[in-house]
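Engineer: what follows is a protein structure lacking sequence information:
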Ligand code: SF4
């Protein structure tokens, strides 16, 4: 059962999530939101990488005010992230936020929450209710004997009810934990209980390598079960890396089409060319192409040609030379240092060659 087919359709700016719409990629800026210029610059870089929804923290009035300028300078929906101060949420909404992320439990009581809901209702923008294992309420920790998936789910549903009780149903839910298996379990538990779209991510996943592995493992288990309407790969690093990783995860799971897929061999004692360097160059060079094809970069003439034939186009290395293979046919034998430019030529003229027209 694919839960995401049945979640409520929610609009965030000009994008739509839920109800089986494509899973969208989110990221979060790490500039000072108050510095609109720098924040816009970063968001534009993220857009170029494929980011589809962006979140900025709004800790004070200056940041809330900067949202106006940020909105004018970017092309994707803007989410304001608020903690504790309901006035920041109201100001963010007034300044054009397309969605706000709050924890209704720490916004200062029911009256203040109803002020936030009133402002959101006026502009018809969604509220994302976020619960994080790190800030789980004490009573739920006691009830379940520690931080558990059950506790996270109960906390999230409590928060959803707080907003629903105010007559508002324009809601997105996120439940996060840095413990991958707990995060997966919590999503498995909440998906059948709640039909609001789920924003999924492994929080505080870590630096580039461990963050990518934890996020890929956790998100794959969750997304593969049909759960999740937007994702964030959370990394300690440049947020552009988050977006690149998120795209790769969605593509690997068949949830996103388009873009060149690179397959490359792990190299072995037979490899006679600088395949690692070449594969990295190919990955960099192909990043900007809007072609839905597979490119193989193989290290030898034993297995290489066979593997490269499986791809739309491929290189199979030899001793200082390489074969260029298109559609299963060897089309050229070239010196090693000409392989990259020959591949680029092929890609530049991909559609001229009558490829991709079937
Ligand atoms: S394709 Fe050739 S070089 Fe690459 S791992 Fe296989 S045998 Fe080794």
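Structural biologist: Structure's in. What do you need? Everything numeric in this text was worked out from a predicted model, so none of it was measured. Numbering: from 1, shown residues only.
Engineer: what's the helix or strand for the nearest residue to residue 156 once chain neighbours are set aside?
Structural biologist: The shortest distance from residue 156 to any residue that is not its chain neighbour, by C-beta to C-beta, 6 or more residues apart in numbering, is 4.4 Å, and that residue is residue 131. C-beta here means a position set from N, CA and C on the backbone, and glycine is covered the same way. Take DSSP states H and E as the rule and residue 131 turns out to sit in strand 127-132.
Engineer: off-centre distance for that strand?
Structural biologist: 17 Å (C-alpha atoms, centre = their mean, to the nearest Å).
Engineer: tally up the residues packed near the closest residue to residue 272 other than its chain neighbours, please.
Structural biologist: Nearest residue to residue 272 in three dimensions, chain neighbours excluded: residue 319, at 4.2 Å (C-beta to C-beta, 6+ apart). Using other C-beta atoms under 10 Å as the criterion, residue 319 is surrounded by 11 other residues.
Engineer: next, count neighbours for residue 324.
Structural biologist: Residue 324 sits with 21 neighbouring residues when counted by other C-beta under 10 Å.
Engineer: I meant residue 151, not that one.
Structural biologist: Based on other C-beta under 10 Å, the number of other residues close to residue 151 is 23.
Engineer: quick one: it from residue 137, how far?
Structural biologist: 8 Å (C-beta to C-beta, to the nearest Å).
Engineer: shared neighbours, those two?
Structural biologist: For the pair residue 151 and residue 137, no residue contacts each of them under the criterion C-beta atoms under 8 Å, 6 or more residues apart in numbering.
Engineer: which strands and helices sit next to the helix or strand encompassing residue 155?
Structural biologist: Taking DSSP H and E as the criterion, residue 155 maps to helix 149-164. Packed against helix 149-164 by the contact rule (3 or more C-beta pairs under 8 Å, 6 or more residues apart in numbering; DSSP states H and E) you find helix 110-123, strand 127-132, helix 138-143, strand 171-176, helix 180-190.
Engineer: least reliable of those going by mean pLDDT?
Structural biologist: The stretch with the lowest average pLDDT out of the helices and strands packed on helix 149-164 is strand 127-132, scoring a mean of 92.
Engineer: please name the bridge partners of residue 333.
Structural biologist: Beta-bridge pairing of residue 333, defined through DSSP bridges, involves residue 323.
Engineer: just checking, residue 325 is part of a strand?
Structural biologist: Yes. Remark: residue 325 belongs to a strand, assigned using DSSP: H, G, I helix; E, B strand; the rest coil.
Engineer: 29 is where my numbering starts, stick with that
Structural biologist: New numbering, starting at 29: the last item is residue 353.
Engineer: need the contact list for it.
Structural biologist: Contacts for residue 353 (C-beta under 8 Å, 6+ apart) come out as 324, 333, 336-337, 339, 341-344, 359.
Engineer: can you list the domains in this structure?
Structural biologist: For the chain, the domain assignment from automatic domain parsing gives the residue ranges 31-280, 289-376.
Engineer: burial-wise, tell me which of those domains comes out on top.
Structural biologist: Mean neighbour counts were taken over the domains of the chain using mean count of other C-beta atoms under 10 Å, and the top value, a mean of 20, falls to domain 31-280.
Engineer: straight-line length of that domain, end to end?
Structural biologist: According to C-alpha to C-alpha, to the nearest Å, domain 31-280 extends 19 Å from its N-terminal end residue to its C-terminal end residue.
Engineer: and the stretch 279-386 of the chain, which residues reach the ligand?
Structural biologist: Applying C-beta under 6 Å from any ligand atom, we find that the stretch 279-386 of the chain lies next to the ligand at 293-296, 298-299, 326-328, 330-332.
Engineer: counting only strands, which of those residues make the cut?
Structural biologist: Within those, membership in strands is found for residue 326, as judged by DSSP state E.
Engineer: show me which pair in the residues of the stretch 279-386 of the chain next to the ligand is furthest apart.
Structural biologist: Of all pairs drawn from those, the one with the longest distance (C-beta to C-beta) is 294 and 330, at 14.0 Å.
Engineer: residues touching the helix-or-strand element of the chain with minimal mean pLDDT, excluding its own?
Structural biologist: Within the chain, confidence by mean pLDDT, DSSP states H and E is lowest for helix 332-338 among all helices and strands, at a mean of 74. By C-beta under 8 Å, 6+ apart, the residues outside helix 332-338 that reach it are 291, 293, 322, 324, 326, 342-345, 351, 353, 356, 358.
Engineer: what's the first helix or strand after it?
Structural biologist: Moving on from helix 332-338 towards the C-terminus, the next helix or strand you reach (DSSP H and E) is strand 341-345.
Engineer: partner strands of that following strand, parallel or antiparallel?
Structural biologist: If you go by DSSP bridges, strand 341-345 pairs up with strand 322-326 (parallel), strand 349-354 (antiparallel).
Engineer: okay if I get those strands as a markdown table plus mean pLDDT?
Structural biologist: As requested, those are exported to a markdown table (pLDDT from 0 to 100):
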| stretch | mean pLDDT |
| --- | --- |
| strand 322-326 | 92 |
| strand 349-354 | 91 |
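Engineer: so which of the ones you listed gets nearest residue 259?
Structural biologist: strand 322-326 (23.5 Å).
Engineer: so how far is the closest one off the chain centroid?
Structural biologist: 25 Å.
Engineer: in the stretch 129-278 of the chain, which residue sits closest to the ligand?
Structural biologist: Sorted by distance to the ligand under C-beta to the nearest ligand atom, the residues of the stretch 129-278 of the chain start with residue 276, at 21.6 Å.
Engineer: spell out the secondary structure type for that residue.
Structural biologist: Residue 276 - assigned by three-state DSSP - is helix.
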